[in-house]
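Novice: quick check, what structure comes out for this input:
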Amino acid sequence: MNPKYGSLIPTSRLLDGKPRTILFDSTKCIGCRQCVHACKDWHDHRRTSIYELSGTNWITMEPPVLEGLSSLWARNSCMHCEFPMCAAVCPVEAITKYQEGPVGINQETCIGCEYCIYACPWGVITMSDVTHKAAKCTMCSDRVSGDKSPFCVQACPVGALEFGLEEAISAKASKCAQENGGYLYGDKEAGGTQLLYVLKEKKENYGVCPVGLERYPRHKIPLGLMLKDLFTLRYGFTGKIRALYLAIIHPQRLIYRYWPWRSVA
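Specialist: Below is the predicted model of the structure:
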């Protein structure tokens, strides 16, 4: 059990346990969307729309206009929260916060209950049309485990994306935001994230989500959906048994799911 999260968030390690962070510098971004295409290439995703998030498109660039017609660009993808709400509400522990930074969804364990989709304050988790399971950016955890940077970072032609140890990237991001008289998005939102945006203007101009600073904010899972899952086998007998077992051994997670207004942190 990780003392930082108690029994609320499942954790694991990919490499050396040192947290890492992605830095997106909007002052350098030209909106070319090479990062979007690189993500598709690395994960062998179909060439579906690049203008909206889906099970095969994990990054979008905002505002979603034609290339060359905007002077402001912001990335829209999983923020890899320091305190991931999606992991806190998952009834089967399919979502893990890795010590190196990524928040990953185990596709074999996921039961497609959609709780994480409703809980994510960023609205970046989608349902795969193929597997009918939750899907999102993985921060290329397979590459991070080999001490490599995410593929989107490697593909950026202008250096608008950087990746490194959390302390160094956070310091660089803070300095860059101060020098540009802008705002550092993701530094404190939802308790902090492993993806930082350097914005040169107020965040409202970039189309980013207005997420508060509170850790584990109140989720938006429909009560009717949770009640249905209590009394039916919507996600199968095996999933039901696993969810029941985990609810018994981790009651803190159960409290957050059904009484989200109560403090769990």
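
Novice: please report how far the residue lying farthest from the centre of the chain lies from residue 251.
Specialist: The centre of the chain is farthest from one residue, residue 231, which by Cα atoms, centre = their mean lies 30.0 Å away. From residue 231 over to residue 251 the distance is 20 Å, taken as Cβ to Cβ, to the nearest Å. For the C-beta atoms, the positions are set from N, CA and C on the backbone; glycine is no exception.

Novice: cool, residue 176 as well?
Specialist: Residue 176 is 43 Å from residue 251, by Cβ to Cβ.

Novice: again, but for residue 97
Specialist: Residue 97 is 19 Å from residue 251, where distance means Cβ to Cβ.

Novice: more neighbours: the two, which one.
Specialist: residue 97 (26 against 11; other Cβ atoms under 10 Å).

Novice: phi and psi next, for the residue lying closest to residue 183 once chain neighbours are set aside.
Specialist: Leaving out its chain neighbours, the residue that sits closest to residue 183 by Cβ to Cβ, 6 or more residues apart in numbering is residue 199, at 4.7 Å. With angles defined as degrees, to the nearest 10, residue 199 sits at phi -110, psi 130.

Novice: any idea of the pLDDT on residue 199?
Specialist: Residue 199 is assigned 94 on the pLDDT scale.

Novice: same deal with residue 16?
Specialist: In this model, residue 16 carries a pLDDT of 97.

Novice: and it, what does it touch?
Specialist: residue 100 (Cβ atoms under 8 Å, 6 or more residues apart in numbering).

Novice: which SS class is it?
Specialist: Recorded secondary structure, residue 16: coil (DSSP: H, G, I helix; E, B strand; the rest coil).

Novice: cool, residue 22 as well?
Specialist: Following three-state DSSP, residue 22 is assigned to strand.

Novice: show the backbone phi and psi for the residue nearest to it when sequence neighbours are not counted.
Specialist: Nearest non-adjacent residue to residue 22, counting by Cβ to Cβ, 6+ apart: residue 195, 4.8 Å away. Note on residue 195: backbone dihedrals following degrees, to the nearest 10 are phi -140, psi 110.

Novice: next up, the contacts around residue 195.
Specialist: So residue 195 contacts 21-22, 24, 75, 77-80, 186 (Cβ under 8 Å, 6+ apart).

Novice: so for it, what's the pLDDT?
Specialist: 98.

Novice: now it: how far from residue 6?
Specialist: For residue 195, the distance to residue 6 - Cβ to Cβ - is 24 Å.

Novice: doesn't residue 75 fall inside a helix?
Specialist: No. Under three-state DSSP, residue 75 falls outside any helix and is assigned strand.

Novice: can you tell me the centre-most residue of this protein?
Specialist: Nearest residue to the geometric centre of the chain (Cα atoms, centre = their mean): residue 78, 2.8 Å.

Novice: so where does that residue fall, helix or strand?
Specialist: Under DSSP states H and E, no helix or strand contains residue 78.

Novice: same deal with residue 233?
Specialist: Using DSSP H and E, residue 233 is not contained in any helix or strand.

Novice: coming back round to it: tell me the contacts of the nearest residue to the residue nearest to the centre of the chain once chain neighbours are set aside?
Specialist: Using Cβ to Cβ, 6+ apart and skipping residues adjacent in sequence, the residue nearest residue 78 is residue 137, 4.0 Å away. Counting by Cβ under 8 Å, 6+ apart, residue 137 makes contact with 39, 58-59, 77-78, 80, 124.

Novice: could you redo the last one with a cut-off of 6 Å?
Specialist: 58, 77-78 (Cβ atoms under 6 Å, 6 or more residues apart in numbering).

Novice: cool, residue 108 as well?
Specialist: By Cβ under 6 Å, 6+ apart, residue 108 has no neighbours at all.

Novice: roughly how far apart are it and residue 236?
Specialist: 13 Å.

Novice: likewise for residue 102?
Specialist: Distance from residue 102 to residue 236, by Cβ to Cβ: 27 Å.

Novice: who's more crowded, these two?
Specialist: For residue 102 and residue 236, the more surrounded residue by other Cβ under 10 Å is residue 102, and the numbers stand at 26 against 11.
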